[in-house]
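Novice: Okay, sequence plus prediction incoming.
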Amino acid sequence: MSSAPIRSFIQARDPSVDRRFRPRPMRRVNLIKLISEDEEENDSWSDTESEHGSETTESISTSSNSTQTDGALVYLRLRPTTDGVVSSSYTTDKNVFITRNSSDRVGKNLTEKHFTFSDIISSSVPQASVYDTCIRKSIETEENLTILTYGTSGSGKTYTQIGNTENPGLIPRALEHIFTFYGSQVQDYPCVSIVNAAINFLNVNEIEDHVKLRRKVLVATNTERCNHERLKDLVLSEHGFESNDSEEKRVFVWVSFAEIYNEMVYDLLNPSYEQQLSKKKGLTIVSNKGQVFIKNLTSICVRNSFEAQLLLRAGTQRITFGSTAVNNHSSRSHFVFFIDVITVSPPDVVEFHSYKFCDLAGSERLHKTQNVGNRLKEAQRINTSLLVLGRCLDAVYHNQQKKNADVVPYRESKLTTLLQAPLVGKEKMTMIVNINPLDEYFEENLNVLSFASIAKNIIFKQKPKKLVKRSRYSWLACNVPLNQSLSTNENTEYLREEIKILNNEVENLTNEVARLERELTTQEMSLRKELISGNEAIVQRIEENWRRRLDQQKNYYEGRIQILQDQLKNQRNFYEEKIRTQQLHNKSNGSPKDGSIYVTDSGSDADADDSDLN
Ligand SMILES: Nc1ncnc2c1ncn2[C@@H]1O[C@H](COP(=O)(O)OP(=O)(O)OP(=O)(O)O)[C@@H](O)[C@H]1O
C-alpha cells in the first residue's frame, strides 16, 4: 500500500490537491533575517574548534543535581508603599488575592482575582533574604539559572537585580557568593572560555590578547576599591557564605553584559560602546544546537569579585535610563548580566554553567507614563517585546496540552530569542514578579499577575542541561603561568598596564583618605560645637540656679532687715514715750536738782524686745 505523499509548501502545487488544505507556513517569516541567522548558526560550530578540538569528545549531559522537575519558580515581590490606597490583600500560603479598593469598580468581574506563587515576598523582606530564597542554592549546586524580574514600571525590578550601596541586589550578592564559594580555585589567566556556546581552550596568543583586553576594559572604569570593600563586608556579614575550595579544581569566571534597547542588542562592556550606540550597530543573537548566545559579545575573565563588581558598575552606567511620570530613573531597555563559570577538574573534566540575570523593562500604560517622542517609541518597543514574551509563554503552556505543538514565536523579539533555553525548560528559570500594590496600578498589576500565572503553570518535559566536556589535556592546558605565556615585550606592556591600574588605585585611595579626613574634620568641628553648646547650656542652667538662690536669700534678708528696722523703731518710740512720761512725772513732782532721770521697772519689756535683735 503506497503511503500518502508528504505535503510541502515549497513544492509546486499538484492541481488535484484541494488548495484550501495545502500546507502553509505557520506565520509570516522574514526570509532575509532567517538566512543571515542560519548562516551564523553554521559558522558558530567551526569557530569552536581549538587546538585541543581534535582530541576532545563533547557531550551535553543532564545535570545530576538539578532540582527542576516541573516548571519555573515564580515569586511575587511587593514594593513598599508610602502613601495611597493599597489594592491587594494577601493570604499567607503562597496565594495572593487581589481586589480593587476604589468604589467605582466594585461589583465588576475585573475587581477580584486569585493567584498562586512559589512564594510571596512581602515588602518588609530584605534583599539578603530575597537572595537566599531565589538564588543561593543554585550557586552552591552549580546549576544553570536564568533569573528574570518582571513587572510594571517603578515596581522595583532594577532594585531587586542591582539594588544600591546600602541594599545590594541579587547580582552583586551572587558575585560575592561565587568568589567566596570557589575561593583560591579561581584562576587569573583565561585558559578556557565559552566561544559560540561551546567550551574552547585558548592558546598563548589568545590568552595574551584577552589579558590586554581585560586591562583595557578595567582601566577604563573608575576603580573604587574602598567602596567594594564596604560592599563585600556587608554582603558577607549578611550571608556568611562558605567556601568550597578544598577540591583540586581550576575555575574560570567570565562576565558579560548586554542591553536590548529598541530591539537592538548592545554590548555594555565593549570599549567602543559609544560608537556602536551612535552607529546603531547592534549584535546578532544566534543559536547553536539549542544553545543561544550573542555573537561577539565582550566577555571578560575576572580574577576576583572586585573586578566583577567594577564591570557590573561600568555596564550599569551605560544602561539607557530615562525619566517618566511613574519612575524618574526608569530603565528604557532590557538588560542581561551573564556570569559564566567553567570548572576544570583533573584529569580531564570540563564543566560549564551560567547565570543570566535579566531585568526586563517595565510594561507601561502610556497615559500614566505621559511619554512622548523617544520615550514613547521606547515604551512601544518595550510593550511589544513583553507582549511577545507573553505569547511565547502562552504557546509553551498550551503546547503541553496538545498533541501537535504550535510554533512558539521566539524569534519575533530579541528578548525571547535570547531567553529561548529557559523558556523551553533547558535551563532552570526563576521569575520574580514585582508589583507596586497601589490601587492606581490595579489593572497593570492584574495583567502582570495573569502573565506570571501562565509562567507558573508551565510544566517542562525536559530537564535542565549542563555542558560537560572530556578533554585529555584539559588540566594541563589550564596551567599557563604568566612568565611562560607572555613574551618579554608583552610582559613589559602588561606590567605597565598593571602599574597604571595600581597608580589609579593609589590615586583613588589618596582621594578617599582626603575625603575621610575632611569628613573627620567636619565631624570633629561639629562635635566641638555640640560640646560647647552643651556646656554653655549647663553653665547657663547653673548660673540661673545661683541667681534664683541669690534672689531668694536677698528677699529673705531684706525681709529680716525690714522686721528689725520696725522693731528698732518700736523700741525707740517706746523709750521716747518713757522719757516723756518720766519728764512729765518729774515736772509734776519737782525735778531733781542734778537733772537725773528716774527709770521705772517697766524697762523689762525693752529687755525682752532686745532678744529679737540677737
Ligand atoms: N523593595 C523595595 N524597597 C525599597 N525601595 C524600593 C523597593 N522596590 C523599589 N524600590 C524603590 O522604588 C524606585 C523604583 O524602583 P526601580 O527603579 O527598581 O523600578 P523598576 O521596576 O526597575 O522601574 P522601570 O521599569 O521603570 O525601570 C527606586 O527608587 C527603588 O529604590
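Specialist: Sure thing, it's come through.

Novice: Would you map the strands across the stretch 101-250 of the chain?
Specialist: For the stretch 101-250 of the chain, the strands defined by DSSP state E, counting those that start in this stretch cover 112-116, 119-121, 145-151, 192-195, 198-201, 250-261.

Novice: Go through those and name the closest to the ligand.
Specialist: strand 145-151 (5.6 Å; C-beta to the nearest ligand atom). C-betas here are computed from N, CA, C, even on glycine.

Novice: Can you report how many residues neighbour residue 500?
Specialist: 12 (other C-beta atoms under 10 Å).

Novice: for it, helix, strand, or coil?
Specialist: helix (DSSP: H, G, I helix; E, B strand; the rest coil).

Novice: so how many other residues sit close to whatever residue of the stretch 401-550 of the chain ends up closest to the ligand?
Specialist: Of all residues in the stretch 401-550 of the chain, residue 434 sits closest to the ligand, at 5.6 Å by C-beta to the nearest ligand atom. Residue 434 has 26 neighbouring residues, counting by other C-beta under 10 Å.

Novice: Could you find the closest non-adjacent residue to it?
Specialist: Spatially, and ignoring its direct neighbours in sequence, residue 434 is nearest to residue 151 (3.4 Å; C-beta to C-beta, 6 or more residues apart in numbering).

Novice: Look at the one you found and report its pLDDT.
Specialist: Model confidence at residue 151, given as pLDDT, is 86.

Novice: Could you do the one 4 residues further on as well?
Specialist: Note on residue 155: pLDDT of 86.

Novice: ok, now how distant is it from residue 406?
Specialist: 31 Å (C-beta to C-beta, to the nearest Å).

Novice: out of those two, which sits in the busier spot?
Specialist: residue 155 (28 against 13).

Novice: Now that one, what are its backbone angles?
Specialist: Backbone torsions of residue 155, given as degrees, to the nearest 10, read phi -90, psi -10.

Novice: distance of it from residue 292?
Specialist: On the measure of C-beta to C-beta, residue 155 and residue 292 end up 27 Å apart.

Novice: what residues does stretch 273-282 touch?
Specialist: Outside stretch 273-282, the residues that touch it by C-beta atoms under 8 Å, 6 or more residues apart in numbering are 264, 265, 266, 267, 270, 318.

Novice: Now that stretch: buried residues?
Specialist: 273, 276, 277, 282 (16 or more other C-beta atoms under 10 Å).

Novice: Can you measure across that stretch, start residue to end residue?
Specialist: 10 Å (C-alpha to C-alpha, to the nearest Å).

Novice: Please name the spatially closest residue to the residue in the stretch 351-500 of the chain that the ligand sits nearest to (chain neighbours excluded).
Specialist: Residue nearest to the ligand within the stretch 351-500 of the chain (C-beta to the nearest ligand atom): residue 362, separated by 2.7 Å. Taking C-beta to C-beta, 6+ apart, and ignoring the residues beside it in sequence, residue 362 has residue 153 as its nearest neighbour in space, at 3.2 Å.

Novice: Am I right that the one you found is in contact with residue 383?
Specialist: No - Residue 153 lies out of contact with residue 383 (C-beta atoms under 8 Å); the separation is 10.6 Å.

Novice: between the two, who's got more neighbours?
Specialist: Counted by other C-beta under 10 Å, residue 153 and residue 383 do not tie: residue 153 has more neighbours, with 25 against 16.

Novice: which stretches of the stretch 501-614 of the chain have low pLDDT?
Specialist: 591-614 (pLDDT under 70).

Novice: all helices of it, in order?
Specialist: 603-613 (DSSP state H, counting those that start in this stretch).

Novice: Number of residues surrounding the residue nearest to residue 434?
Specialist: 27.

Novice: Give the full set of residues in contact with it.
Specialist: By C-beta under 8 Å, 6+ apart, the neighbours of residue 151 are 157, 362, 363, 433, 434, 435, 436, 448.

Novice: What about the residues you listed, which are in strands?
Specialist: Using DSSP state E, the members of those that fall in strands are 433, 434, 435.

Novice: for the residues you listed, which one is nearest residue 522?
Specialist: residue 434 (38.7 Å; C-beta to C-beta).

Novice: what is the closest one paired to in the beta sheet?
Specialist: residue 77, residue 151 (DSSP bridges).

Novice: okay but it is in contact with residue 153, surely?
Specialist: No - the pair residue 434 / residue 153 is not scored as a contact, 10.1 Å apart, by C-beta under 8 Å.

Novice: Now residue 425. Nearest residue, chain neighbours left out?
Specialist: Nearest non-adjacent residue to residue 425 (C-beta to C-beta, 6+ apart): residue 460, at 2.6 Å.

Novice: Report how many residues lie close to residue 564.
Specialist: Other residues close to residue 564 by other C-beta under 10 Å number 12.

Novice: do the same with residue 241
Specialist: Neighbouring residues of residue 241 were enumerated by other C-beta under 10 Å; the total is 18.

Novice: so who does it touch?
Specialist: Taking C-beta under 8 Å, 6+ apart, we find residue 241 in contact with 176, 177, 180, 181.

Novice: which one is residue 232 nearest to, not counting chain neighbours?
Specialist: residue 176 (5.8 Å).

Novice: need the contact list for residue 142.
Specialist: Listed by C-beta under 8 Å, 6+ apart, the contact partners of residue 142 are 65, 341, 343, 351, 353.

Novice: so what pLDDT did the first one get?
Specialist: So the one you mean is residue 65. pLDDT, residue 65: 40.

Novice: Then the fourth one?
Specialist: Per-residue confidence (pLDDT) for residue 351: 87.

Novice: From the contact counts, what lies against the helix or strand hosting it?
Specialist: If you go by DSSP states H and E, residue 351 is part of strand 349-359. For strand 349-359, the packing partners by 3 or more C-beta pairs under 8 Å, 6 or more residues apart in numbering; DSSP states H and E come out as strand 145-151, helix 157-161, helix 170-182, strand 192-195, strand 334-345, strand 465-471.

Novice: repeat that for 7 Å
Specialist: The helices and strands touching strand 349-359, judged by 3 or more C-beta pairs under 7 Å, 6 or more residues apart in numbering; DSSP states H and E, are strand 145-151, helix 157-161, helix 170-182, strand 334-345, strand 465-471.

Novice: Give me the sheet partners of that strand and which way each runs.
Specialist: Applying DSSP bridges, strand 349-359 is found paired with strand 145-151 (parallel), strand 334-345 (antiparallel), strand 465-471 (antiparallel).

Novice: is any part of it close to the ligand?
Specialist: No - residues of strand 349-359 are not located near the ligand by C-beta under 6 Å from any ligand atom, the shortest gap being 6.7 Å.

Novice: got the contact list for that strand?
Specialist: 142-149, 157-158, 161, 170-171, 174, 192, 194, 199, 331, 334-344, 419, 466-471, 474 (C-beta atoms under 7 Å, 6 or more residues apart in numbering).
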